[in-house]
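> here is the input, now give the coordinates:
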Amino acid sequence: MRNFLQPPPDRELLPENRIDATYRRMRLKVFVGAFVGYAAYYLVRKNLSLAAPGMIEEGLLDKAGVGVAGSAISIAYAFSKFIMGSVSDRSDARKFLTLGLVLASLLMIGVGLMPMSASMGTNMAVMFGFMLLVGWISGMGWPPCGRVMAHWFSQNERSFKMSLWNTSHTIGSGSLGLLVIVGVALFASWGVGQTWRAAFIFPSAIALLPALFCWWALRDTPRSCGLPPVEQWRNDATGRRNETGEKIPFRKLFVDHVFKNRMLWIIALANAFVYLVRYGVGDWAPTYLNEMQIMDKSQSSLAFSLHNYAGVPGTIVCGWISARFFKGRCAPANVLYMLLVLIGIVMYWQAQPLAQWWTGTFGGDPAAACRMIVYVSLCEIGFCIYGPVALIGVQALNLVPKNAAGTAAGFVGLFGYLIGDALLAKIAMGAVADASGWDAVFWLFVAAGAMGMIFCATTWRREKIALNA
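Below you'll find the model as predicted:
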């Protein structure tokens, strides 16, 4: 396996008259490959969130069980993204990403096919084990994409280009909701009783197709294609050190460039709170909306999709703001966006009282007004939350040499997925929802949004100094 994943050797430089055209063509090709590949990983990541209402309805799991089982994919992904980051820095991005996508798709199909027990505890334990495996393999998605973006796009263009690329996961998550709607309809027409299984099987089968595209489109580094480093081609004087392609020694990679990097720790803590809001709001939306009788299963799946799709323009605008007004600095845009996230959370929380006030003042159906407010607020949260998700990743890449990009991304992701997602957004949220109700959950969302904004603000001055050094 190590030999299979070995990066391709540097090729002799192409003739000067071919470099410019080849570079432009290859940059577009690898960008689209990384975009499609990472979007496909999200077809095999959040399937349990959309299957959960049906499983709870059939008595197979309760909310706490869904939270614990769902946390497995986040726990495994957190450690995998960190470890796979260092492996990816020493591997061929093309092979690494494609192999992980195929394995994750096959495993998630297996989840949909497995028999369920009459015991909730048994179901939770089995589901936890499967999600653990899927989460570990899913960690093979982001690091090779980070490697590709670091090698093919230079620093002074990376915040905007990575914001564009980062919309891939919102498109992937949004497509998951729509594919589940289609899959459930197909299963129902075929007479399959447990239609929730479609949430696992149908999107995962579709995800195998992008794996073939990624194998064709992705390439590891410009040097492996007979091209000079991107900073040399673009004459970018802001490029980071270590552009010669040598491997950074293991100890130096982890200790000097990650664990001793104070700014990276601050960014990682901000990421934990941002991810709590990101996954807490999105993943629990179908269950919350069904339980509160605000929407039925199809409507809540649509709300899940719209929430994620709204992140596409939001992420692009956030990256544009960073590049246009702050010279690639991420902190100012992150603070603004997290403030807007807080407004969206309060609207989502108070949708029913707001609908009663609206219809009492202007007339109309309170239930329809409530659904509209939910759609608007979830779209507003989706529009704003994914900008900081993208730019925190960019900050991590900007603070380390390119050859440590995967490791830095994995370290920041470890805080986001382990603390923010698995421990808080999954386990804690499920337990709090069962024990104290949904109002307590929303208070946690508000606190997390405020803390995320505060930690992003603490990087404002330090980031400016670091990028001007």
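> rest of the way, CA atoms for contacts and neighbours
Will do.
> just for the stretch 301-450 of the chain, where's the confidence low?
397-399, 401-406 (pLDDT under 70).
> closest to the centroid, which residue in this structure?
By Cα atoms, centre = their mean, the mean C-alpha position of the chain lies nearest to His169, the distance being 5.4 Å.
> what about that residue, distance to Ser163?
His169 sits 11 Å away from Ser163, going by Cα to Cα, to the nearest Å.
> can you check Val184 too?
Distance from Val184 to Ser163, counting by Cα to Cα: 32 Å.
> more neighbours, these two?
Ser163 (28 against 22; other Cα atoms under 10 Å).
> so who does that one touch?
Applying Cα atoms under 8 Å, 6 or more residues apart in numbering to Ser163 gives the contacts 315-316, 318-319, 387, 390-391.
> let's see 10 Å
312-320, 322, 386-391, 393-394 (Cα atoms under 10 Å, 6 or more residues apart in numbering).
> do the same with Lys81
87-88, 135-143, 406-407, 409-414, 417.
> any idea how far Leu212 is from the closest residue in space to Ile266 that isn't next to it in sequence?
Spatially, and ignoring its direct neighbours in sequence, Ile266 is nearest to Phe455 (6.8 Å; Cα to Cα, 6 or more residues apart in numbering). Remark: distance between Phe455 and Leu212 (Cα to Cα) = 40 Å.
> which strand or helix spans Met338?
Using DSSP states H and E, Met338 sits in helix 331-349.
> that helix: which residues count as buried?
By 16 or more other Cα atoms under 10 Å, the buried positions in helix 331-349 come out as 331-342, 344-345, 347-349.
> packing partners of it?
Judged by 3 or more Cα pairs under 10 Å, 6 or more residues apart in numbering; DSSP states H and E, the packing partners of helix 331-349 are helix 262-291, helix 311-326, helix 351-362, helix 366-398, helix 438-458, helix 460-468.
> picking up where we left off before, overlap in contacts of His169 and Ser163?
In contact with both His169 and Ser163: 312, 386, using Cα under 10 Å, 6+ apart.
> burial of Thr407, as a residue count?
The number of residues packed near Thr407 is 30, by other Cα under 10 Å.
> before we move on, which element is it in?
helix 405-414.
> now whichever helix or strand comes after that helix against helix 262-291, angle please.
Sequence order places helix 429-436 as the next helix or strand after helix 405-414, per DSSP H and E. The directions of helix 429-436 and helix 262-291 differ by 50 degrees, with axes from the mean of the first three to the mean of the last three Cα atoms, to 10 degrees as the criterion.
> tell me the SS of Pro7?
coil (DSSP: H, G, I helix; E, B strand; the rest coil).
> state the distance from it to Thr221.
9 Å.
> what sits in contact with each of those two?
With Cα under 10 Å, 6+ apart as the test, Pro7 and Thr221 both reach 92-94.
> quick one: those residues as a markdown table, columns for distance to Ala78, neighbour count and pLDDT too.
Shown next, in a markdown table, are those (distance: Cα to Cα, whole Å; neighbours: other Cα atoms under 10 Å; pLDDT from 0 to 100):
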| residue | distance to Ala78 | neighbour count | pLDDT |
| --- | --- | --- | --- |
| Asp92 | 21 | 24 | 90 |
| Ala93 | 19 | 28 | 90 |
| Arg94 | 22 | 25 | 93 |
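> a markdown table for the residues you listed, including secondary structure and distance to Pro229?
Below are those laid out as a markdown table (DSSP: H, G, I helix; E, B strand; the rest coil; distance: Cα to Cα, whole Å):
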| residue | secondary structure | distance to Pro229 |
| --- | --- | --- |
| Asp92 | coil | 17 |
| Ala93 | helix | 16 |
| Arg94 | helix | 18 |
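> Leu444 - how many residues pack around it?
20.
> just name the most buried of the helices and strands packed on helix 331-349.
helix 366-398 (a mean of 24; mean count of other Cα atoms under 10 Å).
> between it and helix 405-414, how many degrees?
Counting by the same axes, to 10 degrees, helix 366-398 lies at 140 degrees to helix 405-414.
> look up the closest residue to Met338, ignoring the ones flanking it.
Met338's closest residue in space is Met453 (Cα to Cα, 6+ apart), at 5.4 Å.
> where does pLDDT dip in the stretch 151-300 of the chain?
159, 237-257.
> any idea how far Met347 lies from Pro286?
With distances taken as Cα to Cα, Met347 is found 17 Å from Pro286.
> please apply the same query to Gly363.
28 Å.
> for Asp439, same thing?
Asp439 is 16 Å from Pro286, by Cα to Cα.
> buried ones in the helix or strand Phe82 falls within, by neighbour count?
Element membership for Phe82, per DSSP H and E: helix 63-88. Buried positions in helix 63-88, judged by neighbour count with 16+ other Cα under 10 Å: 63-88.
> what's the answer for stretch 112-122, then?
112, 120.
> quick one: average pLDDT of that stretch?
Averaged over stretch 112-122, pLDDT sits at 92.
> by how many degrees do the longest helix anywhere in the chain and helix 262-291 diverge?
The single longest helix within the chain, with elements called by DSSP state H, is helix 155-189. Angle of helix 155-189 versus helix 262-291, following the same axes, to 10 degrees, is 20 degrees.
> show the subsequent helix or strand relative to helix 155-189.
Heading C-terminal from helix 155-189, the first helix or strand you meet, by DSSP H and E, is helix 198-217.
> off-centre distance for whatever helix or strand comes next after that following helix?
Counting by DSSP H and E, the next helix or strand C-terminal to helix 198-217 is helix 230-234. Counting by Cα atoms, centre = their mean, to the nearest Å, helix 230-234 is centred 29 Å from the centre of its parent chain.
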